[in-house]
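In: Okay, predicted coordinates and the sequence, questions at the end:
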Amino acid sequence: MQVLNALKSDKNDVIKFCKNTFSWGDYISEIWDYWYLEGNLFVVRENNSPVALSHASISKKYRQVWIEGIRVNPNFRRKGYASSLIQHSEKQAIKNDCLSSFMLIETNNKNSLELSKKLGYVIKETWNFFSLLPEKPISSQIEFINTNTKIFDLMRSLELFYVDSWRWYPLNDQQLSRLVENQQIIYSNDNNEYSVAVITSSTHFAKTMIVTLLFGNDLGIKKLLDYSKHLANTQNFKRIQVLTKLNKINNSQVIIKKLSFYLMWKKLE
């Protein structure tokens, strides 16, 4: 059994066995073209047809690989294909001097969690996904972080991740400075209690804003989300996806908790 680079012609065969992956369907049909262009889209074949796939997003900047979209045709499970895809991705990452591998696993997906642990992954953090809709302008008092604020120094001292197109990246000094320069980090200071969020737009899903809610109190979080809804409305986004380690958001607005995930990590060597 070999792990091979995906062919453009594999798309239709793959989509056929990825229609009902989750209770709500799957997103592979929406994202296949992006992954194919990025490269490192891998498949396993049986009888010359793809029966399993995964994508590896290798970041030389962060020296990490993000492994995503692991799918196996239900008729070909329990053959070790998922393990082979993950290990192949890791080998490609090591060739590119990556030091870490990350992936996301839904908290109730016990089989995938068990597999990842067998391959040496550990739970780094638990994250939650909330859905929010844009709204017409709402008055909200927020500020943009700059390099001269106390909160900037605080964030530099913490181990934080932010989400960009459903890939988790560390907020290191370089990335923090870039996001600050682009006015993508907003905060609220309520009696010296800080609430902070990072705003990005998805490169894979049309008109989708992603808000990484890092920390905060109820009042501050409301301000950040009110501003996000206003910004999404003025910039014609159709949906807002909120990713946070907070288990719940106490808010008067309509925000729906969708799923919870484990951020899995492995040291590559």
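Out: Perfect, thanks for sending it. Numbers count the residues shown, from 1 in each chain.
In: okay but Ser260 is in contact with Glu106, surely?
Out: Yes. Look at Ser260 against Glu106 with C-beta atoms under 8 Å: they come within range, at 7.1 Å. From N, CA and C alone the C-beta is placed, and that goes for glycine too.
In: Overlap of the contact sets of these two?
Out: Counting by C-beta atoms under 8 Å, 6 or more residues apart in numbering, Ser260 and Glu106 have no shared contacts at all.
In: And the helices in the stretch 51-200 of the chain, which stretches?
Out: Shown for the stretch 51-200 of the chain, the helices assigned by DSSP state H, counting those that start in this stretch span residues 81-95, 110-118, 150-157, 173-181.
In: Could you give the separation of the last one from the chain centroid?
Out: Computed by C-alpha atoms, centre = their mean, to the nearest Å, the separation of helix 173-181 from the middle of its chain amounts to 19 Å.
In: quick one: contacts of that helix?
Out: 61, 144-147, 152, 155-156, 162, 169, 171, 185, 198.
In: quick check: angle from that helix to helix 150-157?
Out: Here helix 173-181 points in a direction 150 degrees away from that of helix 150-157 (axes from the mean of the first three to the mean of the last three C-alpha atoms, to 10 degrees).
In: Where does Trp265 sit, in terms of helix or strand?
Out: Trp265 is part of strand 255-267, with elements assigned from DSSP states H and E.
In: average pLDDT for that strand?
Out: Strand 255-267 comes out with an average pLDDT of 95.
In: In strands, which of the contacts of helix 173-181 fall?
Out: Phe144, Tyr162, Tyr169, Ile185, Val198 (DSSP state E).
In: Give me the pLDDT for the last one.
Out: What it means is Val198. For Val198, pLDDT reads 98.
In: residue furthest from the geometric center of this structure?
Out: Taking C-alpha atoms, centre = their mean, the residue of the chain most remote from its mean C-alpha position is Asn47, at 33.4 Å.
In: Dihedrals phi and psi, that residue?
Out: When read as degrees, to the nearest 10, the backbone of Asn47 gives phi 50, psi 40.
In: so how far is Phe76 from it?
Out: According to C-beta to C-beta, to the nearest Å, Asn47 stands 10 Å off from Phe76.
In: which strand residues sit across from the residue nearest to Phe130 when sequence neighbours are not counted in the sheet?
Out: Closest residue in space to Phe130, ignoring its immediate chain neighbours: Val242 at 4.1 Å, by C-beta to C-beta, 6 or more residues apart in numbering. When assigned by DSSP bridges, Val242 has beta-bridge partners Phe130, Val211.
In: and Val242, how many neighbours?
Out: Val242: 26 surrounding residues under other C-beta atoms under 10 Å.
In: Run through the residues that contact it.
Out: Neighbouring residues of Val242 by C-beta under 8 Å, 6+ apart: Phe129, Phe130, Ser131, Leu132, Val211, Leu213, Leu225, Ser228, Ile249, Ile255.
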